[in-house]
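*Asks:* I need the structure of the sequence given here:
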Amino acid sequence: MGKPPAITEVMRLRGAFEGSDRLASGVHLPADVAAEIRWEFHLMYGFDPGAELMTIFGLEVLSTDAPAIRFEE
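*Replies:* Down below sits the predicted model:
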């Protein structure tokens, strides 16, 4: 079985973060994850949102060069 789509993984991690009575308002993404999400958005919506992702389903993208996926309240 292949790895899940990047958007699905970010949303899964968001759920785990918010499961401990916190609310994620922003996310820091590694460059490879940001690139995968751009491609997934292209496949879903038919256009590339550009190098500077602004939001992912209500989460503000705070950076696209983080060492790991990290959420902020």
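
*Asks:* what does the longest strand anywhere in the chain rub up against?
*Replies:* The single longest strand within the chain, with elements called by DSSP state E, is strand 59-63. Contact with strand 59-63 is made by 10, 14, 24-29, 34, 52-55, 71-72, as judged by Cβ atoms under 8 Å, 6 or more residues apart in numbering. For every residue, glycine as well, the C-beta is placed using N, CA and C.

*Asks:* do that again at 10 Å, thanks
*Replies:* By Cβ atoms under 10 Å, 6 or more residues apart in numbering, the surrounding residues in contact with strand 59-63 are 10-11, 14, 24-31, 34, 37, 49, 52-55, 70-72.

*Asks:* what residues of it count as buried?
*Replies:* Under the neighbour-count criterion of 16 or more other Cβ atoms under 10 Å, strand 59-63 has Leu59, Val61 buried.

*Asks:* can you give the strand pairings for the helix or strand just after it, parallel or anti for each?
*Replies:* Following strand 59-63 in sequence order, the next helix or strand is strand 70-72 (DSSP states H and E). Strand 70-72 has the following strand partners under DSSP bridges: strand 26-28 (antiparallel).
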